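Enquirer: Below are the sequence and a predicted model; questions follow.
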Amino acid sequence: MTLRQSSDMKKFKECLKTAKEIVILSGAGISAESGIPTFRGAGGYWRKYQAASLASPEAFRNNPSLVWEFYHYRREVAAKAEPNAGHKAVANFEAKTSSSKKVTVITQNVDGLHARAGTKSLIELHGNLFKTRCTKCKEVLVNTDTPICEALTNRGAPDSTVVGSDIPIKSLPHCKKGTCGGLLRPHIVWFGESLDPDVLNKAEAAMSTCDLCLVVGTSSVVYPAAMFAPQAAQRGAIVAEFNLEPTPTTSEFHYYFEGPCGKTLPVALNI
Ligand SMILES: NC(=O)c1ccc[n+]([C@@H]2O[C@H](COP(=O)([O-])OP(=O)(O)OC[C@H]3O[C@@H](n4cnc5c(N)ncnc54)[C@H](O)[C@@H]3O)[C@@H](O)[C@H]2O)c1
Ligand SMILES: [Zn+2]
């Protein structure tokens, strides 16, 4: 991976001042300072499982109880978390520049923290922890119940010694629409699944017209989001990356700012 010094912040801010359409593309790193683990690095485990291995349709088919325990845990963590200085800087920037700039936030995060920080123009690429989808009738609903069903009370502890609760399927969350009764799942795009075409179209439209893009706290390995910023850079948009460390795509961008984005974003977006 390229070793790279942080770029000239003053120069970046000059570009930001003149930019008209700005996309802020965020990943799990922007929520790390709110105490929400990322999927890569030390926080990437829940019990003995790699978190990403439970975020899959196969895992849900094989053991819906285990996957619901994992998502119950993630819902509880996200519900207790607060937006941090990075989320707030993004929301303030949109509000402050609304008369002169079009700002769109495209996030891979499912924790809802951008919206809670006040971001208005938001595309949640991978769904939301607080939405459910019926596996039978496909209805999507907002659900902030805690726990989401009685059987998940005091379940989901992350320690590696905890064993699965083997909750019977009938006691997991079920659809209440009419007589449907289908098993509910988190409304999340899991590894191996396709993005909602409407959501993807909106994101691609914003990416294809922006003149400046900030890529924040994403490892840039999860597709299709991973190719958004490199494509924008290739067609001439200015791209600035904010991360703790270089990523596989850092060398393709004009600017790179190293450090926790709760520190770097408030400076970068204060124009
Ligand atoms: N908060 C969430 O909603 C959440 C959490 C974990 C995973 N996910 C999902 O997992 C997938 C993982 O992809 P991803 O690229 O978003 O995350 P990732 O876990 O693959 O990568 C996180 C990136 O953030 C960087 N980072 C960590 N802390 C940072 C900080 N304080 N400031 C700046 N950068 C920091 C890391 O260096 C890394 O490059 C996504 O699809 C996402 O939906 C979401
Ligand atoms: Zn249903």
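Expert: Cool, got the structure. Numbers count the residues shown, from 1 in each chain. Ligands and ions are numbered 1, 2, ... in the order given.

Enquirer: Give the other helices and strands that the strand or helix carrying residue 30 contacts.
Expert: According to DSSP states H and E, residue 30 maps onto helix 29-32. Using 3 or more CB pairs under 8 Å, 6 or more residues apart in numbering; DSSP states H and E, the elements in contact with helix 29-32 are helix 85-96, helix 261-268. Using the backbone N, CA and C atoms, a C-beta is placed for each residue, glycine as well.

Enquirer: any idea how far the next helix or strand after the first one is from the chain center?
Expert: In this case it means helix 85-96. The helix or strand immediately downstream of helix 85-96 is strand 102-107, counting by DSSP H and E. Remark: strand 102-107 is offset 13 Å from the chain centroid, using CA atoms, centre = their mean, to the nearest Å.

Enquirer: now for the helices and strands packed on helix 29-32, which one comes closest to ligand 1?
Expert: Set against ligand 1 and scored by CB to the nearest ligand atom, the helices and strands packed on helix 29-32 come closest in helix 261-268, at 3.8 Å.

Enquirer: is that closest one up against ligand 1 anywhere?
Expert: Yes: looking at helix 261-268 against ligand 1 by CB under 6 Å from any ligand atom, the contacts come from residue 261.

Enquirer: Who are the packing partners of that helix?
Expert: Applying 3+ CB pairs under 8 Å, 6+ apart, we find helix 261-268 packed against helix 9-18, helix 29-32, helix 85-96, strand 212-216, strand 238-243, strand 255-258.

Enquirer: hmm, back to that, any idea which helix or strand comes after the helix holding residue 30?
Expert: Using DSSP H and E, the helix or strand that follows helix 29-32 in sequence is strand 45-46.

Enquirer: which other residues reach that next one?
Expert: 51, 54, 70, 73, 158, 160 (CB atoms under 8 Å, 6 or more residues apart in numbering).

Enquirer: Buried ones among those?
Expert: With burial judged by 16 or more other CB atoms under 10 Å, the buried subset of the contacts of strand 45-46 is 51, 54, 70, 73, 158.

Enquirer: Identify the residues contacting the fourth one.
Expert: What it means is residue 73. Residue 73 touches 46, 155-158, counting by CB under 8 Å, 6+ apart.

Enquirer: quick revisit: can I get the helices and strands packed on helix 29-32 in TSV including mean neighbour count and mean pLDDT?
Expert: Listed next are the helices and strands packed on helix 29-32 as TSV, based on neighbours: other CB atoms under 10 Å; pLDDT from 0 to 100:
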stretch	mean neighbour count	mean pLDDT
helix 85-96	22	98
helix 261-268	20	98
